[in-house]
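[1] following is a predicted model, sequence given first.
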Amino acid sequence: MAEQKPREIKMGRGARGMGPRPKLENPGRIFKRLCAASFGHYKLHMVFVCLGIFLSVLCTVRGTLFMKELVDVYILPMIGQKDPDFIPLRNAIIRMVIILAVGILSTFTYNKLMIYVSQGSLKSIRTTLFERMENLPVKYFDTHSHGDIMSVYTNDVDTLRQVISQTMPQLLNSVITVVSILISMIALSLPLTFVTLFMVAVMLFASKAVVSGRF
Amino acid sequence: MFGKLLAQLKEYKTFALITPVCMILEVIAETITPRLMGLLVDNGVEKGDISYIIRVGLMMFFCALFGLFAGLAGGFTAAKASTGFAKNLRKAMYGNIQTFSFSNIDKFSTAGLITRLTTDVTNVQNAFQMVIRMSFRAPFSLIFAMTAAFLVSARIARVYLIAVLILAAIIVTIMLSAMKSFRQVFKKYDELNATVQENVNAIRVVKAYVREDYEKSRMYKACENIYNLFVNAESKVVLNGPVMMTAIYTCIMIISWLGAHMIVNSELTTGELMTLLTYCMNILMNLMMLSMIFVMVSISMASGERIVEVLDETADIVDPEDPVMEVRDGSIEFNDVDFSYYKESEAPVLKDITLKIKSGETIGIIGGTGSGKTTLVNLICRLYDVMQGKVMVGGVNVKEYDLETLRNEVAVVLQKNVLFSGSIYDNLRWGNVNATDEECRKACRLACADEFIEKMPDKYDTYIEQGGTNVSGGQKQRLCIARALLKKPKVLILDDSTSAVDTATDAKIRRAFYEEIPDTTKIIIAQRVSSVKDADRIIVMDDGRINGIGTHEELLNNNDIYRDVYESQTSERDFDKPDGDDKDKGNGTVPVDADKDYKGGED
Amino acid sequence: MEDFDELNENLYVSANNANKYVNIMGPINAQLGNVSYVLVAIVGAIFAIGNFWGFTLGSLASFLTFNRNLNMPINQISQQFNTVVMALAGADRVFKLMDEEPETDEGYVMLVNAKKDDEGNITESEERTGLWAWKHYHKAEGTTTYVELKGDVVFNDVDFGYTDEKIVLHNIDIYATPGMKIAFVGSTGAGKTTITNLINRFYDIQDGKIRYDGININKIKKADLRRSLGIVLQDTHLFTGTIKENIRYGRLDATDEEVVAAAKLANAHSFIRHLPLGYDTVITGDGGSLSQGQRQLLAIARAAIADPPVLILDEATSSIDTRTEKLIQQGMDKLMKGRTTFVIAHRLSTIKNSDCIMVLEQGRIIERGTHEQLLEQKGRYYHLYTGNQIAS
């Protein structure tokens, strides 16, 4: 292999790894600040977003409960009837359609609102970051690697973008969903709920085992 | 493109094939379960048959286990296949890159090659994994569920079919439009980051001209722009949810209505209805999944293309069939050579170059930036091939030599040199793996590097940091000269490699060359006239052509450019050593000696 | 190549492991979910048959759906939680950067447009007059004085260090009257660049005083101080934008004619005219469709248009060819005319006609004087001149 090539292609050490992750002191404080930065300017929006999430989850749950209704109230009784009356079922369906439509609309609304909230807060984070940076003394730039400064802008702000615009609302949604489903399940049948919860525990345990045990 | 990429699967092909099979098995397990459930309801619950329930229940349980194992196996093989694929891609690219000539590398730029080896490969790896897992799972799941639904009740399944088709059409439209918007956004995003980078690097300029507020308002505008673009793009994506949900709920409602009628008419059982409703969710979810895959793959396509570019690239410069393995001497000849870096370029970088250099001569090359000096010497060691004419070393066309031999005998020392992490000995041995310690030291003496090496605590075992950051520019250059000397080449080319070395040391190095390696042809490219003054002949380059060749005196008399450069350098003096017949501006004290000219002469 | 193979193999193994475990999470959860479904189905069916606790078939149907729908969000919650936690590290960095101490400025003296009346008294003027003055408000007396901007710079026994423990400049005394040219020479690391960081208060001094037109620069507002200084540094930094915009950076309200005039002064006009779009050609920030030399010429034009009374110049031009170097030399010379200039010198011509040459060694001025005076001393300067390069 010709070595007379002064240019060397360095093989980067794999992906841009984070290396030993420094321990975060006080993650709770950071989280609070993050929430403030993300949602602080949009308090009114967030109220509607939460409302939207509630509404949407409630409607979905109601939709699922319809199954029970459908079978118990409308179908089973009608089996064997000579001339079944479908009107009540039709009405029930119409009712459901309305409820579900409300659910869909609220989902759409809260998602749309979240777009404005998240992008807006990102914009404000970016501009604040830049403004503060411009005011820093030259000493800061001489003592900190430019690459590190840049990576705050590119990597970190980008991660924030994903978290604020997607993960956080999804998390909220998931939590509310879980809570409402649990409530409904308990209402339907306590013992079965225990069975389910037992399996959930098994699943969580399995996940933990895999992640910590083998990594 | 896919063919070329997939060719790199090689030994991992089996894994890649097993994965979808496992996925399909998993899917089968999942599809059977709702059907079993239906049976359980119909035959078990309605008839009150507990043992039946338990029997079917156990079957379902085993189904689930079966699915679990299939899923696990699939997971393992998918990981192996995709990471192995990535490994092979990297290996293939790297292997090809090693054969690249400079022009090949220029095409991609070093940074571009690195991105391809890292980011792009990772993108392809992830996409590949997604494909072999999900892209089989989703459609098969869809098909199975659909088939099963049809088996249960064709009438209802038809509803699904229609829903699927409509939904698919809508989602694809939305996604395509959204992808376009996102591409725009990310481009602007890159521009934004570039602006920030500029600011960070140029902060002194910004502060010196007090432009902080100006920059802030510029940034604000840019962020506003991005905000609008992002909102636009995400607004499109947000439509997906409601569309999906509408489709699902509509299906459920229609089926509830239809199903109720059918059950009452005994065309359908309750259990079957439940089964069908479960399949409904299943089908539409998988459709969503497919659209996500579609998006992921198209994003990764860009990476795939970039990788294929590198794999496809054939080295411009290859060893000839029957290479000459020995360079006879250091004579060099250019015969009517034309050259340019890009074949489409109109104005060639070099034109009509004809010259003959005898073995052992010392040749100086001087000329302005862009006049072609470096290009000229790049042709001697065949880092690029000529467009027209021929270059000969030792009486043989450079194209006929074995590349390795040629490059060992024609040693080039550049202006910007690269040292690697390792001891000084290691770095030196890059020139000649078999050099003994004694030879290394001798080379360093010649290059006048020994003085500073001896001063270091670990001397020749001193560890050089990556890129050579713990040695100064001048020291780096001297080490590189020593490295080149170790090759004992027939031709030694110094491309402005003493720019960071002070004049006195420069002269010492040249004297050492003259005394110790008289048979090596030495070509010195320099900015300083003092560096080439004492050469046997000097070539003056201008705008890609040879403007003049001759000795220092001859050129002073005949060549305008040379005289120009000479005068500007000496009357400005730049702290260079004086020349006898030069006018000394003004202060009357002529600095006392300087280096005695190594030719024994004086000027 | 073997090294590469080894690294590649390692990467493969670790990536494989990582992916393996990520991959099996999905199926495990999914199938455990199925198991859960099955269990509920069995038990629920039994309940429904016996109608235990009012559990009906319909209840079973709903419950099964709930069961299905429960598992997904639960899994997602743990994933999402992890994502948020990982992002917190990034958020931390963002906030840390935001919280950094900004540059403080206790200065209060401002630079204002001024006009001179017949007796030579200076008062503030509303419009641009071309005459500038320092507006100094004395808090104690409540009066305001105006001092004309001339470019008189004095260093009085200045000590400085980037950190308080390591002082790199000692006892620096410099007296620069308006229009004077002061050159700094010395080996690398002797302190030449450091001094230029002090005049515009990029860094503040530890001891001693720096006075500008008689006013302590600590009292002058940083923005105003810097507006009265021009710099041309060793590393040229330009911004993405047109050439016109880049030159205008020196003075945002400059007219097009003034831009061209500045370019002509810097010897940049001719090459600009040869560019495809002339002054409207877009150049990229730090890279460049332009050569090093051309970028330096633009930097000179930028400083020229700012027209500052005091100029800080770093002359390094080692990697450029003689022709362009000559153009740059001329440009710089024209720029320096009539201004107080602090030059980090690399060329003999600059040094030779300086009003005062300061030879720096290890942060101290060891010799000072004109070229002739220093040669007579036969000291360090003499050594530099007769033997080696100025800066290595």
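    Good, I have the coordinates. Residues are numbered from 1 along each chain as shown, chains lettered A, B, ... in the order given.
[2] from here on, just use CA atoms for contacts and neighbour counts.
    Noted.
[3] my guess is residue B:27 contacts residue B:66. True?
    No - using CA atoms under 8 Å, residue B:27 is not in contact with residue B:66; the gap is 10.3 Å.
[4] so for those two, which residue has more residues nearby?
    Using other CA atoms under 10 Å in any protein chain shown, the more surrounded residue of residue B:27 and residue B:66 is residue B:27, with 23 against 18.
[5] what is the burial count for residue B:52?
    Neighbour number of residue B:52 under other CA under 10 Å is 16.
[6] what about it, which helix or strand?
    helix B:50-98 (DSSP states H and E).
[7] ok, is that helix in contact with chain C or not?
    Yes - counting by CA under 8 Å from any CA of the partner chain, contacts between helix B:50-98 and chain C involve B:50, B:53-54, B:57, B:60-61, B:64-65, B:67-68, B:71-72, B:75-76, B:78-80, B:83-84, B:86-87, B:90-91, B:95.
[8] find the centremost residue of chain A, please.
    residue A:170 (1.8 Å; CA atoms, centre = their mean).
[9] is it true that that one lies in a helix?
    Yes - per DSSP: H, G, I helix; E, B strand; the rest coil, residue A:170 lies within a helix segment.
[10] OK, contacts around the closest residue to it other than its chain neighbours?
    Excluding the flanking residues, the one nearest residue A:170 by CA to CA, 6 or more residues apart in numbering or on different chains is residue C:80, at 7.8 Å. Contacts here follow CA atoms under 8 Å, 6 or more residues apart in numbering or on different chains; on that basis residue C:80 touches A:167, A:168, A:170, A:171.
[11] hey, where'd the helices end up in the stretch 351-500 of chain B?
    B:373-380, B:403-409, B:424-429, B:437-446, B:450-455, B:473-485 (DSSP state H, counting those that start in this stretch).
[12] how about chain A?
    A:27-39, A:43-69, A:87-134, A:138-143, A:146-151, A:157-162, A:168-188, A:190-208, A:214 (DSSP state H).
[13] can I get the ones you listed in CSV with mean pLDDT?
    Below are these laid out as CSV (pLDDT from 0 to 100):
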stretch, mean pLDDT
helix A:27-39, 81
helix A:43-69, 83
helix A:87-134, 88
helix A:138-143, 82
helix A:146-151, 76
helix A:157-162, 78
helix A:168-188, 82
helix A:190-208, 81
helix A:214, 52
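[14] tabulate the ones you listed (TSV), appending distance to residue B:563.
    Converted to TSV, the helices of chain A look like this (distance: least, CA to CA, whole Å):
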stretch	distance to residue B:563
helix A:27-39	68
helix A:43-69	76
helix A:87-134	50
helix A:138-143	44
helix A:146-151	45
helix A:157-162	58
helix A:168-188	73
helix A:190-208	80
helix A:214	75
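[15] and those helices: which comes nearest residue B:411?
    Among the helices of chain A, helix A:146-151 comes nearest to residue B:411, with 35.4 Å by CA to CA.
[16] for the most centrally placed residue in chain C, pull up the helix or strand it's in.
    Ranked by distance to the mean C-alpha position of chain C (CA atoms, centre = their mean), the top residue is residue C:237 at 9.0 Å. Of the helices and strands defined by DSSP H and E, none includes residue C:237.
[17] just the pLDDT at it, thanks.
    Listed pLDDT for residue C:237 reads 83.
[18] do the same with residue C:374
    The predicted local confidence for residue C:374 is 84.
[19] what do you get for the one 3 residues further on?
    Per-residue pLDDT puts residue C:377 at 83.
[20] what's around it, how many residues?
    Neighbours of residue C:377 (other CA under 10 Å): 12.
[21] which residues of the stretch 201-350 of chain C score low on pLDDT?
    Along the stretch 201-350 of chain C, segments meeting pLDDT under 70 span C:285-289, C:316-323, C:346-350.
[22] for it, just list every one of the strands.
    C:207-212, C:215-216, C:229-232, C:241-242, C:282-283, C:310-314, C:340-344 (DSSP state E, counting those that start in this stretch).
[23] what does the fourth one rub up against?
    This points to strand C:241-242. Contacts of strand C:241-242 (CA under 8 Å, 6+ apart): C:279, C:280, C:281, C:282, C:283, C:284, C:285.
[24] could you flag which of the residues you listed are buried?
    In the contacts of strand C:241-242, burial by neighbour count holds for C:279, C:281, C:282, C:283, C:284, C:285, counting by 16 or more other CA atoms under 10 Å in any protein chain shown.
[25] nearest to chain B among those?
    Nearest to chain B among the buried ones among the contacts of strand C:241-242, counting by CA to the nearest CA, is residue C:285 at 6.3 Å.
[26] would you turn the contacts of strand C:241-242 into TSV with distance to chain A?
    Shown next, in TSV, are the contacts of strand C:241-242 (distance: CA to the nearest CA, whole Å):
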residue	distance to chain A
C:279	28
C:280	27
C:281	27
C:282	24
C:283	22
C:284	18
C:285	15
